[in-house]
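>>> Could you work out the structure for the sequence below:
(one chain, ligands or ions: 1)
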Amino acid sequence: MEATHDVLVVGAGCAGMRAAIEAFDEGADVALLSKIHPVRSHSGAAEGGINAALGNASEDDPEKHAFDTVKGSDYLGDQDAIEVLCEEAPDDVYQLENWGAVFSRTDDGRIAQRPFGAAGEPRTAYAADITGHVLVHVLYEQVVKRDIRTYEEFFAWKLVIDDDRCQGVIAWDLLNGGLKTIGAKTVILCTGGAGRLYTGTTNAYACTGDAMSMALSVGVPLKDMEMMQFHPTTLAPTGILITEGCRGEGAYLLNSEGKRFLERYAPNAMELASRDVISRAEQTEIDEGRGIDGNVLLDLRHLGADKINERLHGTRELSLTYAAVDPIHEPIPVRPGAHYHMGGVDTDLDGLTSLTGLYAAGECACVSVHGANRLGGNALMETITFGKRAGRAAAEWALTHTTISVPPAVEADTERELKELLARSEGERPWAIRDELAITMHENFGVFRREEQMLEQGRIIEGLRERYKRVVVDDKGQIFNNDLTQAIELGFMLDLAQCMVVAGLARKESRGAHARPHDYPDRDDENFLKHTMTTFGPDGEVRLDWKPVTMTKWQPKERTY
Ligand SMILES: Cc1cc2nc3c(=O)[nH]c(=O)nc-3n(C[C@H](O)[C@H](O)[C@H](O)COP(=O)(O)OP(=O)(O)OC[C@H]3O[C@@H](n4cnc5c(N)ncnc54)[C@H](O)[C@@H]3O)c2cc1C
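Down below sits the predicted model:
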C-alpha cells in the first residue's frame, strides 16, 4: 500500500476541494487524488454564477430559492435536500467571499446578483463570467494553505472494499506509471459529470463519469441516470458553453424568421424559462425548419458594447475565437448540447452512499437537489454545500474508527486485469467505439426521446460492450499513458450509458430533461413521481428499481413559465 489517510477525496474540483478543506478542519488526515491538476478541473469552466438567497438585488429568501428549485426539478428533486441547499447557501457563499472570492459588486459594495433561468428573483452571485475559475483558485489556495496532500495525476480505477466497507482506492500513477493503492477509512467521490458520453457537449475531455461507474461496480446504486440536461446555448459547432448569464443580462433567442420564438413556448419567462423548456423549444424550431444550419441565434446586440465588454467579456472572446462572430455586431449561432448530469451516485444529506465508508458529492452524486432539471447556478452551490457536508461526515466517521485493511487479493486482481489489458495486441482501438457511443447517444438519447430509438440505443451499447472486451491499448509504456486511461474511461462510459437507457425506457412519461413527446407527452405523477435506481446484477445486466421522492412542503403542480 502506498499510503493511508483518514479521508481520501477522489476528484479535486469545487466539490472535492471543498470536501477536503472541511474534513481537514474537522481534524482528519485528508488527501485529495485527481487525474488532472486541481485548478484544471472542469469546475473552472463554470461561467454564470452561484445561487444563494442573499437578497442583495431584491427581496429574496431561502424558501423562494427552494420553491424555484423544486418547480425547476419538475418535482423530482428531494425537497429535504433542496431545503438544506437553500438554507445553507448564503453562509457558504460568504465563506467563499471571506476566503477571497472576488464576486462582482453592486454600486453600494454588496455581492451583485443576476437573474437566471426559472429563478423568481435575481439570485445568482457571479464573478463576471469566470465564476468557476475564481472559485477553483480560491479553494486551491485553501488546500495549499492547509498543506493537504494531493495525489496529482493519479487516475482512480477501483474502490477497495473489505469487511463490507470502502477502505481505499487503487489508482494508476500517470506521471510515474504503476498501480498505487491509497488506503482510507472513508472515501469521498467527487469526479464530476459525464458529458463526454455525447458528441455535442459543454464538458471537458475529463468528464467521463468515472466514479459513478466505480460505485456501480461495487453494488452502489445510481439514481435518475436518464436525466441528462441539454443546455440551450452551446456554441456551434464546438459545443462550448455560452453562459445563461447572457440571457440573464437580457439577450434574445431568435429563429430564422428573426422572431423571439419563446413567445410560443414560455410567454411569461421568455428567454429566462428553465433549460429543459428552452432546449425543447429550440429543437422544435430546428426540427420544423426555422433553424439556421441546425442552430438558432442568440442576440446580444441590443445590450451594447459597454455591457457586453464589462459583464460578458469571456463570452465575446469565446464567440470571436471559436465561431468568428463578434456578438457586439452579430448574433451567436447556438444549439442544445449535453451539459449536466442530474443523475449520479445515490446519497443521503451527508453524502453517504449505501456502502459504509463511501461518500459522494458534486456532479457525480445525486442527493437529489436538481431532480429532472437543474437550474443554472445551483450546481456550483451544490458542490460547495454538499462537498462541505460530505467532508464533515466522512471525517467524523473516520475519526471514530481506526483500522484500514486492503486485502492483497484486491490488488492482485487489479494487477491481473491491467496486465491482460496491456498484453492484448489483437482487437480494436478505443476511439472508434468511443465516437460511436457519443454520436449514437446524441441521436437516440438526446433532447427528445422515442421508444424505438432508445431500444435501438440499448442494442448499440450492448454491441459496443462486446467490442470493448477486445479493446487494444497501443501504448504499453508507464509514463503518461493516456491511451490506457482513455480505454478505462470508455469502459466507465459504456456502463453509464447502459444505465441511462434502461432508466429512460422505464420512465414512461415526460418530466424535465426526459421528454417523450411522441408516446408519453405528459408528466405522470401518479405512476412516476419517483427516482429510478440502477445497479448491475451478478449477470452483468442492469437492474432497475425505484425510490420515492422526498416531499416536505410542496405538492406537484402544473409547471408553466
Ligand atoms: C461549461 C460549463 C459551465 C458551467 N457553468 C455553471 C455555472 O455558471 N453555475 C453553476 O452552478 N454550474 C455551472 N456548471 C456546472 C458546474 O460547473 C459543475 O457541475 C461543477 O463544477 C462540477 O464540479 P465537481 O467538483 O463535481 O466536478 P469537476 O469540477 O468536474 O471535478 C472533477 C474532478 O474529478 C477528477 N477526476 C475525474 N475522474 C477521475 C479519476 N478517475 N481519478 C482521479 N480523479 C478524477 C478530475 O480530475 C477533477 O479534479 C457549468 C458546467 C459547464 C460544463
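>>> any idea which element the residue lying closest to N295 once chain neighbours are set aside lies in?
Leaving out its chain neighbours, the residue that sits closest to N295 by Cβ to Cβ, 6 or more residues apart in numbering is P333, at 4.0 Å. Bear in mind the C-beta positions are built from the backbone N, C-alpha and C, glycine included. Assessed by DSSP states H and E, P333 sits inside strand 332-341.
>>> Look up how far G177 lies from I479.
6 Å (Cβ to Cβ, to the nearest Å).
>>> And stretch 498-516, end to end?
Using Cα to Cα, to the nearest Å, one end of stretch 498-516 lies 18 Å from the other.
>>> what comes up buried for that stretch?
Going by neighbour count (16 or more other Cβ atoms under 10 Å), the buried part of stretch 498-516 is 498-505, 507, 509-516.
>>> What count of nearby residues applies to the residue nearest to N295?
P333 has 21 neighbouring residues, counting by other Cβ atoms under 10 Å.
>>> Run through the bridge partners of it.
Beta bridges link P333 to L297 when assigned by DSSP bridges.
>>> hang on, it packs against A323?
Yes. Contact criterion Cβ atoms under 8 Å: P333 and A323 qualify, at 6.4 Å.
>>> got any residues that touch both of the two?
Counting by Cβ atoms under 8 Å, 6 or more residues apart in numbering, the contacts common to P333 and A323 are 235-236.
>>> what does the stretch 251-400 of the chain have sitting close to the ligand?
339-340, 362-364, 376-380, 383 (Cβ under 6 Å from any ligand atom).
>>> From those residues, which one has the minimum pLDDT?
The pLDDT minimum for those sits at G376, where the score is 92.
>>> and the gap between it and E63?
Look at G376 and E63: by Cβ to Cβ, they are 20 Å apart.
>>> Mind checking which of those two has more residues around it?
The residue with more neighbours, out of G376 and E63, is G376; 30 against 13, by other Cβ under 10 Å.
>>> so the more buried one touches R114, yeah?
No. Look at G376 against R114 with Cβ under 8 Å: they stay out of range, at 10.1 Å.
>>> okay, and the common contacts of the two?
Residues touching both G376 and R114 (Cβ under 8 Å, 6+ apart) are 48-49, 124.
>>> now the strand or helix carrying T385 against strand 332-341, angle please.
Using DSSP H and E, T385 sits in helix 378-399. In terms of direction (axes from the mean of the first three to the mean of the last three Cα atoms, to 10 degrees), helix 378-399 departs from strand 332-341 by 20 degrees.
>>> by contact count, what packs against the helix or strand that comes right after the strand holding P333?
With elements assigned by DSSP H and E, the helix or strand that comes after strand 332-341 is strand 344-346. Secondary-structure packing of strand 344-346 (3 or more Cβ pairs under 8 Å, 6 or more residues apart in numbering; DSSP states H and E): helix 210-217, strand 222-223, strand 365-366.
>>> I'd like those laid out as TSV, including mean pLDDT.
What follows is the helices and strands packed on strand 344-346, written out as TSV (pLDDT from 0 to 100):
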stretch	mean pLDDT
helix 210-217	98
strand 222-223	98
strand 365-366	98
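>>> Could you identify which of those is most buried?
Among the helices and strands packed on strand 344-346, ranked by average contacts under mean count of other Cβ atoms under 10 Å, first place goes to strand 365-366 (a mean of 30).
>>> is it true that G357 touches L189?
No. Counting by Cβ under 8 Å, G357 stays clear of L189, with 11.4 Å between them.
>>> which ones are touching the residue nearest to D163 when sequence neighbours are not counted?
In space, and not counting its chain neighbours, D163 is closest to S405: 6.9 Å by Cβ to Cβ, 6+ apart. Applying Cβ under 8 Å, 6+ apart to S405 gives the contacts 162-163, 167, 183.
>>> Give me the pLDDT value at S405.
Confidence at S405, expressed as pLDDT, is 93.
>>> On the three-state scheme, I188 is what?
strand (DSSP: H, G, I helix; E, B strand; the rest coil).
>>> count of residues packed around it?
36.
>>> There's contact between it and M17 in this structure, I believe.
No. Using Cβ under 8 Å as the test, I188 is too far from M17 to be in contact (11.1 Å).
>>> anything in the lowest-mean-pLDDT helix or strand in the chain near the ligand?
Lowest on mean pLDDT, DSSP states H and E among the helices and strands of the chain sits helix 245-248, with a mean of 90. No. Judged by Cβ under 6 Å from any ligand atom, helix 245-248 and the ligand are separated, with a smallest distance of 7.2 Å.
>>> Relative to the very next helix or strand once past that helix, what are the paired strands and their orientations?
Following helix 245-248 in sequence order, the next helix or strand is strand 252-254 (DSSP H and E). Sheet pairing for strand 252-254, assigned by DSSP bridges, gives strand 296-299 (antiparallel).
>>> what distance separates the partner strand from the centre of its chain?
Centre-to-centre, strand 296-299 and its host chain are 25 Å apart (Cα atoms, centre = their mean, to the nearest Å).
>>> Quick one: mean pLDDT over it.
For strand 296-299, the mean pLDDT works out to 97.
>>> Likewise for stretch 461-479?
On average, the pLDDT along stretch 461-479 is 96.
>>> Give me the buried stretch members for it, please.
Using 16+ other Cβ under 10 Å as the test for burial, stretch 461-479 gives 461, 464-465, 467-468, 471, 473.
>>> Just the strands from the stretch 351-500 of the chain, written as ranges.
For the stretch 351-500 of the chain, the strands defined by DSSP state E, counting those that start in this stretch cover 358-360, 365-366.
>>> Enumerate every residue touching S279.
Listed by Cβ under 8 Å, 6+ apart, the contact partners of S279 are 230-232, 336, 447.
>>> Confirm it sits in a helix?
Yes. When three-state DSSP is applied, S279 is found to be in a helix.
>>> Retrieve the pLDDT associated with it.
Residue-level confidence at S279 comes out at 95, pLDDT.
>>> Likewise for T238?
pLDDT, T238: 86.
>>> I'd like the distance between the residue lying closest to it once chain neighbours are set aside and G109.
Among residues not flanking T238 along the chain, Y322 sits closest, at 5.2 Å (Cβ to Cβ, 6+ apart). Computed as Cβ to Cβ, the Y322 to G109 distance reads 35 Å.
>>> Would you confirm that Q453 contacts F445?
Yes. Counting by Cβ under 8 Å, Q453 touches F445, with 7.4 Å between them.
>>> Neighbour count for these two, which is higher?
Neighbours were counted for Q453 and for F445 using other Cβ under 10 Å; F445 has more, 26 against 18.
>>> For that one, which non-adjacent residue is spatially closest?
Q457 (5.4 Å).
>>> Pull the number of nearby residues for the one you found.
Q457 is flanked by 23 other residues according to other Cβ under 10 Å.
>>> quick check: angle from the host helix or strand of G16 to helix 378-399?
Counting by DSSP H and E, the element that carries G16 is helix 14-25. Going by the same axes, to 10 degrees, helix 14-25 is angled at 30 degrees with respect to helix 378-399.
>>> So which residues on the stretch 101-250 of the chain come close to the ligand?
Checking the stretch 101-250 of the chain against the ligand by Cβ under 6 Å from any ligand atom, the hits are 131-132, 155-156, 190-193, 202-203, 206-207, 210, 241.
>>> just those now: which is nearest E226?
Relative to E226, the closest of those is G193; by Cβ to Cβ it sits at 14.6 Å.
>>> Now the closest one. Nearest residue, chain neighbours left out?
Leaving aside its sequence neighbours, G193 sits nearest to E363 (Cβ to Cβ, 6+ apart; 4.2 Å).
>>> Against R374, how distant is the one you found?
The spacing between E363 and R374, counted by Cβ to Cβ, is 9 Å.
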